[in-house]
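Visitor: this one's sequence-less:
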């Protein structure tokens with residue numbers, strides 16, 4: 001069954017279709033939550049709550065074609081709730097623009113380290129764009145912003161990340 005058919009079946013009440021959709025998206029959910037929260041217990045908690053909420057609310061899904069976007073939006077909101085609850089700060093260090101080089105795991109890990117210097121609004125957009133390779137249009141739908149708003153936040157995040165990348169180099173140059 002295709003994702004659209006699965007989403008329609010899940011919306012109609014098929015538990016098996018819902019489980020299939022979650023299994024197809026579990027790696028993506030983990031990657032996004034880990035990029036934002038960085039604490040395995042928090043990541044697993046956010047994913048669990050996301051799945052529970054999605055299961056309870058699946059009948060309210062307006063358009064089955066947007067199941068993935070809807071699910072990611074629930075996850076982002078759940079990550080925000082976890083952060084508010086824990087008031088955690090996440091460590092940060094280095095970024096490479098995905099157009100300038102490799103998509104290697106090493107680059108992704110460097111990006112994850114740098115995310116701590118960003119606010120939640122910028123962090124979630126950077127995670128969705130760089131780690132999940134979502135388009136500006138998809139991100140706009142998930143975070144409920146205009147495409148220009150997403151581009152603006154992404155631009156500001158790049159500037160801030162660039163400044164963060166220079167900080168260690170500047171500290172090394174000091175006597």
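Guide: Everything's here; your move. Predicted model only: the values in this text are computed from it and were never measured.
Visitor: lowest-pLDDT helix or strand in this structure?
Guide: helix 105-114 (a mean of 63; mean pLDDT, DSSP states H and E).
Visitor: contacting residues for the residue most central in space within the chain?
Guide: Geometric centre of the chain, nearest residue: residue 32, 3.5 Å, by Cα atoms, centre = their mean. By Cβ atoms under 8 Å, 6 or more residues apart in numbering, the contact set of residue 32 is 72, 75-76, 79, 127-128, 131-132. Where you see a C-beta, it was placed from the backbone N, CA and C, and this is true even at glycine.
Visitor: domains of the chain?
Guide: 1-88, 90-175 (automatic domain parsing).
Visitor: could you tell me the least trusted of those domains?
Guide: Note on the domains of the chain: lowest mean pLDDT is at domain 90-175, with a mean of 75.
Visitor: helices of this structure, start to end?
Guide: 3-11, 15-37, 40-57, 67-86, 105-114, 120-126, 136-143, 147-173 (DSSP state H).
Visitor: quick one on the thing from earlier: put the buried members of the contacts of residue 32 into a ChimeraX selection.
Guide: To isolate the buried subset of the contacts of residue 32 in ChimeraX, counting by 16 or more other Cβ atoms under 10 Å, use the following:
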select :72,75,76,79,127,128,131
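Visitor: can you list the contacts of residue 32 in TSV and add distance to residue 116?
Guide: Shown next, in TSV, are the contacts of residue 32 (distance: Cβ to Cβ, whole Å):
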residue	distance to residue 116
72	22
75	20
76	18
79	14
127	12
128	17
131	15
132	19
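Visitor: return the member of the contacts of residue 32 nearest to residue 160.
Guide: residue 127 (14.4 Å; Cβ to Cβ).
Visitor: residues in contact with residue 123?
Guide: Taking Cβ under 8 Å, 6+ apart, one finds 35-36, 90, 115, 157 in contact with residue 123.
Visitor: and those as TSV, adding distance to residue 1 and neighbour count?
Guide: Formatted as TSV, the contacts of residue 123 follow (distance: Cβ to Cβ, whole Å; neighbours: other Cβ atoms under 10 Å):
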residue	distance to residue 1	neighbour count
35	29	23
36	30	27
90	37	19
115	36	26
157	37	24
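Visitor: nearest to residue 49 among the residues you listed?
Guide: Looking across the contacts of residue 123 and measuring by Cβ to Cβ, the closest to residue 49 is residue 36, at 13.6 Å.
Visitor: so how far is residue 146 from that closest one?
Guide: Distance of residue 36 to residue 146, computed by Cβ to Cβ, to the nearest Å: 22 Å.
Visitor: what residues sit buried inside stretch 8-19?
Guide: Buried-residue list, stretch 8-19, by 16+ other Cβ under 10 Å: 8-11, 14, 17-18.
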